[in-house]
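Asker: Below are the sequence and a predicted model for it; my questions follow.
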Amino acid sequence: MSVVGVDVAKRSFDIATPLPNGKVRTKAKLANEPSGFAQFAAWLEQHAEPHAWVVMEATGTYHEALADYLHGKGYRVCILNPAVIAKFAEADLRRVKTDKADAKVIAAYGQQKNDLLRQWEPEPPAQRRLRALVRRLDDLKEMQQMEQNRLDVAQTAVQASIRAVIGHISEEIAKTRKAIDQTIDDDPDLRQRRELITSIDGLGDTTAALILAELGDPLKY
């Protein structure tokens, strides 16, 4: 079974696949957007088996759209913790400071550790929406605290402006909290898991939303 390593950055990604003769076929700087995904699909049709493993590192959110696309095309996608690849690279003395080499390293890992690869499945849309909302709420609360800190030491001339900003942020916090509750209420699976979490003494809706957003199904842990 062929393996393709993918090194994903914010705006582009590189690909590599080991060849039977020991060499590696590579392609660099494909756009991390639909046009690049289409190029990759054409490359895969020419150079990989129909259900090849496509292996990549988890890179924040940069890899998600590509992973979704490849999964939809029927490829087996494996997303690894970067620490796993780093440890493998260090052991094999393969790591060098170029993206192209990173794709080779990821491909080599997939080829050598084929039996350890686990197929990635996309999260349900409600799960992704919940995570985005919870993280946005955290950002808003941080912004609110920053403005409050400014207000505490501000000159009179700018206090009204700061209070206006705090008021706007407070409105956005309320809207975001409502959206979080609605997202969970509208999804039977999330709603059931929230009930499970909040049945534990000391865990309320806010903590439940954070756990659901960042950990997903608590029964898996």
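Answerer: Sure, I can see it.
Asker: For Phe13, which three-state class applies?
Answerer: Of the three states, Phe13 takes strand under DSSP: H, G, I helix; E, B strand; the rest coil.
Asker: Who are the contact partners of it?
Answerer: Taking CB atoms under 8 Å, 6 or more residues apart in numbering as the contact definition, Phe13 lies against 6-7, 30, 32, 36, 40, 56, 66. The way it works is simple: take the backbone N, C-alpha and C, and place the C-beta from them, glycine included.
Asker: which one of the residues you listed is nearest Ile200?
Answerer: Met56 (35.5 Å; CB to CB).
Asker: circling back: mind putting the contacts of Phe13 in a markdown table, distance to Gly202 included?
Answerer: Shown next, in a markdown table, are these (distance: CB to CB, whole Å):
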| residue | distance to Gly202 |
| --- | --- |
| Val6 | 42 |
| Asp7 | 43 |
| Leu30 | 48 |
| Asn32 | 42 |
| Gly36 | 47 |
| Phe40 | 47 |
| Met56 | 38 |
| Leu66 | 40 |
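Asker: Can you flag which of those residues belong to helices?
Answerer: The helices, defined by DSSP state H, take in 36, 40, 66 from the contacts of Phe13.
Asker: Give me the neighbour count for Leu66.
Answerer: 23 (other CB atoms under 10 Å).
Asker: cool, the one 10 residues further on as well?
Answerer: The criterion is other CB under 10 Å. On that basis, Arg76 has 17 neighbouring residues.
Asker: and what of Ala174?
Answerer: When neighbours are counted by other CB under 10 Å, Ala174 comes out with 11.
Asker: Equivalent analysis for Met56, please.
Answerer: 27.
Asker: ok, now Ala52?
Answerer: 19.
Asker: So that it lines up with my notes, have the first residue be 33 from now on.
Answerer: Renumbered: residue one is now 33, and that last one reads Ala84.
Asker: show me the contacts for it.
Answerer: 33-36, 49, 76, 107-108.
Asker: got the phi/psi numbers for the spatially most central residue of the chain?
Answerer: In the chain, the residue lying closest to the centroid (CA atoms, centre = their mean) is Thr93, at 3.6 Å. With angles defined as degrees, to the nearest 10, Thr93 sits at phi -110, psi 0.
Asker: sorry, back to before: which of the contacts of Ala84 fall in strands?
Answerer: 35-36, 49, 108 (DSSP state E).
Asker: Top of those residues by number of neighbours, please.
Answerer: Val36 (28 neighbours).
Asker: list the contacts for it?
Answerer: So, once contact is read as CB under 8 Å, 6+ apart, Val36 ends up touching 47-49, 76, 80, 84-87, 139, 142.
Asker: That's all I had, so thanks and see you.
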